Every structure is written in structure tokens, then in C-alpha cells.
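Asker: Need a 3D model of the following:
(one chain, ligands or ions: 1)
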Amino acid sequence: MATDLEQELAELLEVETFPPSDEFRSAASISDDAVREEAERDPAAWWLEQARALDWFAQPSQSLDDTDPPFYKWFADGTLNASVNCLDRHVDAGLGDRVAFHWRGEEGEERDITYAQLLADVQRFANALKSRGIGRGDVVGIFLPMIPEVVVAMLACARIGAPHNVVFGGFSPESVKERMDFSDARALVTVDGARRKGRTAPIKAAVDEIGVDVETIFVVRHTGIDCPMGERDVFYDEALAAADAVCEPEQLPAEHPLYILYSSGSTAKPKGILHTTGGYLTHVAWTHRYVFDLKAPSDVYWCSADVGWVTGHSYIVYGPLANGCTSVMYEGAPDYPDKDIWWELCERYGVTIFYTAPTAIRACMKWGEQYPGRHDLSALRLLGTVGEPINPKAWLWYHKVIGGERCPIVDTWWQTETGAIMITTLPGVQQTKPGSAGTPLPAIAARVVDDSGEEVPRDTQGLLTLTRPWPGMLRTLYKDDDRFVATYWEKFGPQTYFVGDAARRDDDGYLWVIGRVDDVLNVSGHRMSTAEIESAIVSHPKVAEAAVIGQTDEDTGQSVAAFVTLEGELEGSDELVAEIRDHVAARIGKLARPKRIIWSDDLPKTRSGKIMRRLLRDIAEGRELGDVTTLRDPDVMAKLEGRVKELQAEEG
Ligand code: PRX
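Answerer: Now for the predicted structure:
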């Protein structure tokens with residue numbers, strides 16, 4: 001028999017639209033279409049107005065410079081510093097005692113870090129970086145867990161104009177090495193060890209073992225685990241203690257690089273997405289304030305992402321701090337020490353705005369409503385999601401069980417490349433539809449087109465494009481302008497940004513994002529490249545060839561499935577499955593490990609030798625096979641189909 005909750009969710013599935021309550025609307029910062037209309041009249045002028053919410057050393061007089069597309073510039077004659085906007089101006093305004101982060105450690109430790117404390121540490125660490133010869137334009141790598149020092153390190157870099165290159169803590173040391181090499185990083189900030197669910201992993205030792213090629217490594221002492229230190233290494237706390245307390249911020253042009261963030265593309269080499277200062281900060285601050293309807297200081301905001309992804313950069317660090325907001329930062333996993341930890345923290349800190357990923361919501365849904373049920377979540381007034389399409393059932397569960405049916409849900413569509421939110425609903429104005437991100441934000445323009453760039457009719461699937469430059473946009477791929485142009489601007493020309501997602505637009509203009517159209521996977525809202533995983537698998541000595549596809553997965557959205565051809569043998573053992581999975585974890589990170597490995601003595605290839613992933617996807621999803629006549633050896637498909645069926649039978 002269906003439980004009451006299941007029954008209620010089933011009834012809600014019939015509801016197609018959810019308007020904001022009158023109460024929410026009447027208190028919202030934006031509650032009508034005036035802003036959108038004003039932005040539409042002159043988008044560039046409107047953005048320049050929004051940029052004035054920042055503190056500038058020299059106010060910009062220019063908005064968009066589109067004289068050399070697709071190399072767009074924003075606010076180019078202005079000068080500013082991101083750390084000043086995130087810290088000094090709040091402290092100067094007398095808000096130094098405001099908590100920037102309620103930090104909670106995995107073992108229950110708590111630290112409240114105020115804006116004044118952050119500023120003090122940032123200045124000292126900026127001086128420590130300088131004392132090691134780091135200055136404007138030098139890249140600094142950051143490989144840290146979710147601890148306050150990660151924010152200090154990022155803002156210290158921003159203060160001296162050194163672009164940071166953060167690597168997500170779940171990536172392997174080998175990925176760190178690769179990303180430091182690609183970006184010519186001069187220094188790395190890392191940690192003695194990282195904690196995960198009661199265990200401590202040595203990080204500095206692992207980084208040493210792989211031999212990361214930088215001049216200086218700063219090491220945060222976090223867990224006290226044994227940690228080898230060499231000549232080039234310095235403990236973060238000692239560097240801070242030895243440094244001067246005052247570091248004047250660099251006055252940087254708006255287009256000065258703020259950071260590089262590597263993200264997966266459709267080849268094995270990750271792309272170094274480059275963001276600059278003035279436009280990015282304007283866009284993240286605006287969206288953080290208005291999409292989340294932020295009312296500092298009364299709101300307590302929590303974005304549960306990791307700072308190593310773009311969501312963490314934009315909506316844990318730069319957006320919230322630029323807006324002087326109080327946030328929660330949590331070091332650990334959502335199910336440690338127990339599956340109610342998130343809700344315990346929401347209650348404890350009185351979280352009012354909560355932003356997470358659909359995959360996390362699905363996990364919570366699976367664990368059951370008794371966990372949130374243990375806590376008082378009545379302070380919550382707005383919920384958000386990001387990273388992948390959300391299925392209506394998970395949306396409704398979030399709405400009902402977490403939001404108590406009173407909180408609007410903003411489903412925010414954006415990418416590492418866009419820097420900030422592009423498509424969503426303004427919560428005090430627009431109704432929401434479970435499963436649709438919403439409409440382009442004010443001043444943002446999107447079109448769904450066919451392969452030739454023609455707009456497709458309503459309710460027809462096509463390719464999502466962005467047809468107007470926006471301030472948070474990536475400026476290039478680090479040291480690879482050609483790949484930047486080829487990836488995003490060649491298909492439809494330098495005025496139309498090619499997103500890489502399929503979508504459709506409904507009669508109300510709401511966009512329904514369907515998923516990627518390239519060889520990029522989305523596993524738990526994290527971007528992976530099939531080519532990158534294939535190249536990791538193939539580097540295993542027993543493997544001859546591999547093809548990776550994304551398979552629909554009810555927990556993680558997609559999961560990694562690998563078709564693997566071995567050297568010599570036809571079929572591998574269970575031990576070899578484990579070995580290959582470990583091998584991928586060591587090369588890229590645990591999150592890239594294939595969930596399934598399917599042995600295959602051959603792969604479906606065209607006569608020119610190209611692997612047809614489309615057919616592999618059909619097999620894995622149990623669909624009717626598409627056209628196989630172009631295959632070199634059509635028999636391969638029948639064998640593979642048999643193997644997948646066997647595997648599915650074994651898995652039950
Ligand atoms: O496919 C879209 C999906 O995630 C991709 C961007 O991934 P990444 O650069 O890692 O950034 C994730 C966090 C901003 C997009 O191309 N995506 C992101 N948000 C949504 C989404 N798909 C549907 N709905 C969303 N809200």
C-alpha cells in the first residue's frame with residue numbers, strides 16, 4: 001500500500017505549475033516584470049548599472065565591448081579587486097563582526113569566521129604568497145577540502161592578481177599534477193590530510209609521490225596526519241604568522257584573470273575555463289542576490305556544493321561574500337555521522353536558503369523523510385537546485401518534505417563556462433514547473449535551434465544556444481584560443497554560443513533541458529568526459545580498447561558504463577574489474593570509476609574505425625538498435641547485446 005507521502009506526491013504530480021505564495025511575493029526583492037523590461041530595453045546599459053553595485057577603484061564607463069567576437073570584454077576601463085568587494089568593503093561599512101561562514105567539521109567541530117577575520121587572514125596569506133615571489137598573473141593551484149582556508153587562499157590570490165586554479169578534492173593527485181602542468185602553476189596550496197566519513201587520507205604525501213611540479217607548496221595543517229615537508233614546502237600557519245598584517249589590494253583591470261577552472265570536454269584533455277574579474281563578479285553578485293532573493297543580514301544561506309566546482313566558486317565564495325551574506329560551510333558527507341546531518345545543520349544555524357543538486361535530493365528521498373523529519377526546518381524560505389535536470393518526483397519531494405510546500409524552488413541552469421546562473425525563475429515573479437529550469441534571466445537571451453541554427457518550433461527538441469554575450473561568460477580556454485573558438489563559436493558563428501545541451505521550449509517560453517549532446521557525461525551533477533575516462537582505462541596494461549558511455553541511473557542521473565576489450569583474453573575476472581576501477585580512480589578520481597564494465601571482444605565501429613557510441617547507448621538502455629548497416633562488422637552488436645543481457649540478469 002502506498003504511504004501517505006507517496007499518495008500525496010502522486011497527487012502533486014498532476015499539478016503543473018507552482019506560483020510563489022502571496023507572502024513570498026510581497027516580500028521579494030523583485031516582484032514584477034519591471035526589471036526584465038528595463039534590462040531588455042538596453043541589456044549592455046542595464047548590466048553597467050548592475051556593475052555599479054560593486055566597489056571600483058575606477059568606475060567603468062564602458063559596458064560590453066563586442067568589437068572582436070567571440071573575444072568579448074566587459075567593463076574594460078574599470079579597475080577593481082575581487083577581495084575588496086568580498087571583504088574590505090563590508091568591514092569598512094562596520095560589518096566586520098558579521099559571520100561569513102558558520103563552518104562545521106566532519107567530527108562536529110564548529111568555527112564561526114567573521115568578515116574581519118577572513119580579511120585579516122587573506123591579507124597575511126597574500127603577503128605569504130608574495131614573499132614566495134608570486135604576483136600578478138602567476139597561477140596558484142589550490143587542492144583543499146571544505147575548510148575555511150580554501151576561501152582564504154582563493155581571495156588571497158585575488159588580492160594580488162594571481163589567478164587561482166582550484167582542483168576538486170575528489171580528484172586524484174595525478175589530476176592535480178596534470179592541471180598544475182597545463183596551467184604552469186607556480187605554487188600549490190594543499191593540506192596534510194583530508195577526512196571522509198571518519199577516515200583520514202594523506203594528501204600532501206600523495207601529492208609528493210606523484211611529483212607535482214611547482215616552486216612552493218603551502219600545507220594547511222588540518223588533520224595532524226604525518227606529512228613529509230621538503231625544501232620548497234611551508235606550513236600555511238607558519239607562513240601566516242611570519243607575514244605582514246597589511247596587504248594593499250592590487251588595482252586590477254576588469255578583464256584581469258580571476259581564475260582558471262578545468263572542466264571536462266569532449267576530448268581527453270580538460271579545458272581550462274578562464275574567468276575574469278569585473279564581469280564575473282557583477283554577474284555572480286546579481287544572480288546570488290536576486291535569484292535567491294537574498295536579504296542579508298537576516299538570511300542564512302547554504303550551498304552544499306564543493307568549492308572545487310564552479311558552483312562553489314560562484315555561490316559559496318564570490319557571490320555570497322560580495323553580497324555580505326552569512327553562509328554555512330560543511331566539511332563532510334551528507335550521511336555522516338548520520339543521514340540527518342544536513343537537516344541538523346539547517347536547524348542549528350537557522351538556514352533560510354538552501355541550494356543543492358538533484359542527485360543529493362534523490363539520495364535523501366531514498367533514505368526517507370524520517371531524517372529531515374527529526375528537525376525543525378521552518379526557517380527555510382527558498383530552495384534551489386543545480387547541475388542536472390531534476391525529475392519531477394524528486395522536485396516534489398524537495399518541495400513537500402524539505403520546503404514544507406511554502407518555499408519556491410529555483411532550478412538554476414548554468415555551466416562552468418557561463419560563470420553564473422543563466423536560466424531559472426525569479427522566485428517572487430514567476431511560477432515554477434517541476435522539471436523545467438524556467439526562462440532566461442533578465443538581459444540573457446537563449447534560443448533552441450536546429451543543426452543549421454534555425455529556431456525550432458515550440459515543444460520541439462533542439463540545441464540550446466545563448467544569443468547575447470553576458471558578463472560572467474568565459475573569456476577563453478587558458479592558452480588555447482583556438483579550442484575556445486572551435487568548441488563554442490564555430491558551429492553557429494561568433495555571436496551564438498553553443499551550449500552543448502539539448503532542450504525544448506514550451507508555450508510559456510519555459511526551457512526544458514534534456515541533457516548533453518556531446519560526449520560529456522553528467523554523473524551526480526559532475527561533468528566527466530567519455531574520452532578522458534577511456535584514455536584512463538586504456539592506460540591499464542591489460543586493456544586494448546575501451547568505449548565509455550553514460551547510462552541512465554536513478555540515483556546519479558547518469559553512470560559510467562565501459563565496454564572494454566582486453567589484450568589477449570576475451571573476458572576478465574572480477575578482480576580485473578576492481579583493478580580497472582581502481583586504476584581510473586588513481587588516474588582521474590573516484591567519481592570517474594565505471595559503475596559497469598562490459599567485456600567485449602570487439603566494439604561497433606564504422607568502416608573508418610570510429611566507435612559508434614550511439615549504438616552502445618542503445619544496447620545499454622535496452623532500446624531497439626538504431627541503424628547498424630554502416631558498421632564494419634554488424635555481428636559485433638548481437639554479441640554485445642547478449643553480454644549486456646547476461647550482466648543485467650546477474651545484477652538482478
Ligand atoms: O547539461 C547541463 C547541466 O550541467 C552542465 C554544466 O555542467 P558544469 O559546467 O559542470 O556546471 C554544473 C553547475 C553549474 C550543463 O551543460 N546542468 C546544469 N544545471 C542544470 C543542468 N541541466 C538541467 N538543469 C539544470 N538546472
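
Asker: how close does the nearest residue to F171 once chain neighbours are set aside sit to H583?
Answerer: Once flanking residues are discounted, F171 sits nearest to G589: 4.1 Å by Cβ to Cβ, 6 or more residues apart in numbering. C-beta: built from backbone N, CA, C; applies to glycine. Distance of G589 to H583, given as Cβ to Cβ, to the nearest Å: 12 Å.

Asker: which residues of the stretch 251-400 of the chain fall in helices?
Answerer: All helices of the stretch 251-400 of the chain, identified by DSSP state H, counting those that start in this stretch, fall at 278-291, 310-312, 319-322, 341-349, 358-367, 370-373, 392-397.

Asker: Is it possible to get JSON lines of those helices that adds distance to the ligand, mean neighbour count and mean pLDDT?
Answerer: Formatted as JSON lines, the helices of the stretch 251-400 of the chain follow (distance: least, Cβ to the nearest ligand atom, whole Å; neighbours: other Cβ atoms under 10 Å; pLDDT from 0 to 100):
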{"stretch": "helix 278-291", "distance to the ligand": "11", "mean neighbour count": "26", "mean pLDDT": "98"}
{"stretch": "helix 310-312", "distance to the ligand": "5", "mean neighbour count": "24", "mean pLDDT": "98"}
{"stretch": "helix 319-322", "distance to the ligand": "12", "mean neighbour count": "27", "mean pLDDT": "98"}
{"stretch": "helix 341-349", "distance to the ligand": "19", "mean neighbour count": "20", "mean pLDDT": "98"}
{"stretch": "helix 358-367", "distance to the ligand": "8", "mean neighbour count": "20", "mean pLDDT": "94"}
{"stretch": "helix 370-373", "distance to the ligand": "22", "mean neighbour count": "15", "mean pLDDT": "98"}
{"stretch": "helix 392-397", "distance to the ligand": "11", "mean neighbour count": "22", "mean pLDDT": "94"}
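
Asker: Kindly report the residues of this protein close to the ligand.
Answerer: Applying Cβ under 6 Å from any ligand atom, we find that the chain lies next to the ligand at 263, 310-311, 386-389, 411-416, 437, 500-501, 513, 516, 522, 527.

Asker: burial measure for the residue nearest to F171, as a count.
Answerer: Under the neighbour criterion other Cβ atoms under 10 Å, G589 is assigned a count of 22.

Asker: just D574 next, same as before
Answerer: For D574, using other Cβ under 10 Å, the count is 8.

Asker: How about the one 3 residues further on?
Answerer: Burial of V577, expressed as a neighbour count using other Cβ under 10 Å, amounts to 16.

Asker: And the one 5 residues further on, by the same measure?
Answerer: Neighbourhood size, D582 [other Cβ under 10 Å]: 13.

Asker: Quick check: closest non-adjacent residue to it.
Answerer: Nearest non-adjacent residue to D582 (Cβ to Cβ, 6+ apart): R593, at 7.9 Å.

Asker: Distance-wise, check the one you found relative to P334.
Answerer: R593 is 20 Å from P334, by Cβ to Cβ.

Asker: which one of the two has more residues nearby?
Answerer: R593 (21 against 18).

Asker: so how far is the ligand from that one?
Answerer: According to Cβ to the nearest ligand atom, to the nearest Å, R593 and the ligand sit 18 Å apart.

Asker: Tell me if I'm right that that residue and R581 touch.
Answerer: Yes. Contact criterion Cβ atoms under 8 Å: R593 and R581 qualify, at 4.5 Å.

Asker: Per the annotation, how does this protein divide into domains?
Answerer: The chain breaks down by automatic domain parsing into domains covering 4-503, 524-651.

Asker: quick check: mean pLDDT across the last one?
Answerer: Which is domain 524-651. In this model, domain 524-651 carries a mean pLDDT of 88.

Asker: so which strand or helix has A503?
Answerer: Per DSSP states H and E, A503 falls inside strand 497-505.

Asker: So what's the gap between that strand and the chain middle?
Answerer: In terms of Cα atoms, centre = their mean, to the nearest Å, the centre of strand 497-505 is set 18 Å apart from its chain centre.

Asker: Output the next helix or strand after that strand as CSV - backbone C-alpha positions only.
Answerer: Going down the chain from strand 497-505, the next helix or strand is strand 511-516, by DSSP H and E. Provided in CSV are the C-alpha atoms of strand 511-516 (Å, rounded to 0.1, in the frame of the first residue of the first chain):
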residue,chain,number,x,y,z
LEU,A,511,13.0,25.8,-21.2
TRP,A,512,13.3,22.1,-20.5
VAL,A,513,16.9,21.0,-20.6
ILE,A,514,17.2,17.4,-21.7
GLY,A,515,20.9,16.7,-21.4
ARG,A,516,24.2,16.9,-23.2
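
Asker: any idea which helix or strand carries Q415?
Answerer: Using DSSP H and E, no helix or strand contains Q415.

Asker: Tell me how many other residues surround it.
Answerer: Other residues lying near Q415 total 19 when counted by other Cβ under 10 Å.

Asker: Return the distance of it relative to V84.
Answerer: From Q415 to V84 the distance is 27 Å (Cβ to Cβ).

Asker: R483 and Q461, how far apart?
Answerer: 27 Å.

Asker: Show the model's pLDDT score for the closest residue to W309 other than its chain neighbours.
Answerer: Nearest non-adjacent residue to W309, counting by Cβ to Cβ, 6+ apart: F168, 6.0 Å away. Looking at F168, its pLDDT is 96.

Asker: which residues does F168 contact?
Answerer: Neighbour list for F168: 306, 308-309, 589 [criterion: Cβ atoms under 8 Å, 6 or more residues apart in numbering].

Asker: Nearest to K271 among those?
Answerer: In terms of Cβ to Cβ, no member of the contacts of F168 lies closer to K271 than W309, at 14.2 Å.

Asker: Now the closest residue to the ligand within the stretch 1-150 of the chain. Its backbone dihedrals?
Answerer: Using Cβ to the nearest ligand atom, the single residue of the stretch 1-150 of the chain nearest to the ligand is F18, 16.2 Å away. In terms of degrees, to the nearest 10, the main-chain angles of F18 are phi -130, psi 100.

Asker: Could you do Y488 as well?
Answerer: The phi/psi pair for Y488 (degrees, to the nearest 10) is phi -110, psi -20.
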